[in-house]
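Participant: I would like the atomic coordinates for the input below:
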Amino acid sequence: MSLTTTPSANRLHIGIFGKRNSGKSSLINAITNQDTALTSEVAGTTTDPVYKAMEIHGIGPCMLIDTAGFDDEGELGALRVRRTRDALEKTDVAIVVFCEADVSLEADWIGALQERGTPVVAVINKADLLGNVSEIARAIHDAFSLFPIVVSAKERTGVKDVIEAVIRQLPEDYEKKSITAGLVGEGDVVLLVMPQDIQAPKGRLILPQVQTIRDLLDNRCVVLSVTADKLDEGLAALREPPRLIITDSQVFPAVYQKKPPESLLTSFSVLMAAVKGDIASFVEGAAAIDALTPDSRVLIAEACTHAPLEEDIGRVKLPRLLRRRVGEALAVDVVSGPDFPEDLSGYNLIIHCGACMFNRRYVLSRIERARAAGVPITNYGVALAKLGGILDKISYR
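Facilitator: The predicted model follows:
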C-alpha cells in the first residue's frame, strides 16, 4: 500500500446483491469501466465475493463487492451464500439487482439489510434483454416501496443514475468522524508513545498510529512522538505538560505512572474502538472481566490475518494477563480476519482488536451479534486498561 492509498477499511463499502445471472458483475464492470468481474451467461459464475477498490466521483474512495447469487444451490452453493451473507455485514450501501417479477427471495435479503439500517438501491439490469421491465418495477415498488433504476450495463445506460442514487444514500458525515474529536483542539500538544517492536516492522508504523497522526495534524495539533523508553525525555522536552498522551495499550500502566496529572491519557486501540465501533458497549463489556472464572471461555478476535509473533498481543499477552488474573484453566479461543463463530453462546466474553482493517459497519455487526447472543464484548485497549486497573483514568471522548 502506498502512502497515498486510502486503507480499505476507510472506504465506503458498496455491496451488489441479487440472484445468479441477474447482471451483478456486468453492473460492476459498467460502474468501474473496467473488466473487474468475470461475466458469463452461465449462472453462478461469481463464487467468492470479489472486492474492487475504486475512486468514484461524488463518492470518493469506495470498495465495490461483487457477490455470488443468493439463490445458489447445492453444498458449494450454500457455502457461497454464506460468504455473500458475510459481505452483507460489511456493506454500507447495498445495490440489489432484480431480473424477474418474483421478488420473494430478494425480500429476505432486503429485510436483513433494513434490520441493519443499510440503505438499499434497487436496480433492474439487462433492460435490453428483459421484456417485462415494467412488471418487475411494479413488483419491486409494491413489495419494498423502492423505485428501481433501469440499467443496461452492456450499453452503459442508467449507470450514472445508480451512482447518484448511492450518493443520495450517504450520511452527510460519512467517514468524516475525527479520531481525536473531543479530546484536542487547535494548538494542543499531543505526545505519542509508540513502542517499535515486532508488531511494527522496521521502516513502518502500524496503521492506527499513521491514521491518528494524520487526524491530529488535521486538527492543527502539535505532535511529538517517542518510544516507550524515551517517555521521560519526551516529557522533559516540553515546556508544559501535553494536553493528551496517546500510547500503545500494552504499556498503559507504565505510561500512566509517569503521566503528568494535567494530561489526558488514552491509547490508539481505544481511539479506534470509538471510531470503528461502539465505545460505550466496549467499556460496559469490560466489566465482565471481573466475573470470569477458571471455567469461563473467552474469544479473542483479530481483524488482521498474520503469522503468530512472539509476544503477540492477542495470542500471547492478553491470554497471559487473563489467566494470571482468573486462573490457568481459563479457555481462550483466537480467531482472525473474517473468521467469527456463528454460535457465540458458549463464550463469557469477547475481546476485539482495534479493527483498523475493518470498516465500521462490519465492527458494529459483530457487536450486534454479540449483543443478540447475550455475550459481553470489549476491545483490546479497553480490556488492557481494565486489567491494569486504570480504565476509569483514561479518556475516550
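
Participant: ok, which stretches of the protein are helices?
Facilitator: For the chain, the helices defined by DSSP state H occupy 24-32, 74-90, 104-115, 133-144, 159-168, 207-218, 231-236, 252-258, 268-276, 279-286, 318-326, 360-373, 380-387.

Participant: Export those helices to TSV and append columns for distance to residue 184 and mean neighbour count.
Facilitator: C-beta here means a position set from N, CA and C on the backbone, and glycine is covered the same way. Shown next, in TSV, are those (distance: least, Cβ to Cβ, whole Å; neighbours: other Cβ atoms under 10 Å):
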stretch	distance to residue 184	mean neighbour count
helix 24-32	38	24
helix 74-90	30	16
helix 104-115	36	15
helix 133-144	44	16
helix 159-168	31	17
helix 207-218	7	18
helix 231-236	17	14
helix 252-258	17	17
helix 268-276	11	26
helix 279-286	17	20
helix 318-326	28	17
helix 360-373	21	19
helix 380-387	18	26
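
Participant: Nearest approach to residue 340 belongs to which of those?
Facilitator: Residue 340 sits nearest to helix 360-373 of all these, at 6.3 Å, using Cβ to Cβ.

Participant: what helices or strands is that closest one leaning on?
Facilitator: The helices and strands touching helix 360-373, judged by 3 or more Cβ pairs under 8 Å, 6 or more residues apart in numbering; DSSP states H and E, are helix 74-90, helix 268-276, helix 279-286, strand 349-352, strand 377-379.

Participant: do that again at 10 Å, thanks
Facilitator: strand 12-18, helix 74-90, helix 268-276, helix 279-286, strand 297-302, strand 349-352, strand 377-379 (3 or more Cβ pairs under 10 Å, 6 or more residues apart in numbering; DSSP states H and E).

Participant: Take those and write them to JSON lines, including distance to residue 394 and mean pLDDT.
Facilitator: Compiled in JSON lines, the helices and strands packed on helix 360-373 are given as follows (distance: least, Cβ to Cβ, whole Å; pLDDT from 0 to 100):
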{"stretch": "strand 12-18", "distance to residue 394": "30", "mean pLDDT": "94"}
{"stretch": "helix 74-90", "distance to residue 394": "29", "mean pLDDT": "87"}
{"stretch": "helix 268-276", "distance to residue 394": "6", "mean pLDDT": "89"}
{"stretch": "helix 279-286", "distance to residue 394": "10", "mean pLDDT": "95"}
{"stretch": "strand 297-302", "distance to residue 394": "21", "mean pLDDT": "95"}
{"stretch": "strand 349-352", "distance to residue 394": "16", "mean pLDDT": "97"}
{"stretch": "strand 377-379", "distance to residue 394": "12", "mean pLDDT": "95"}
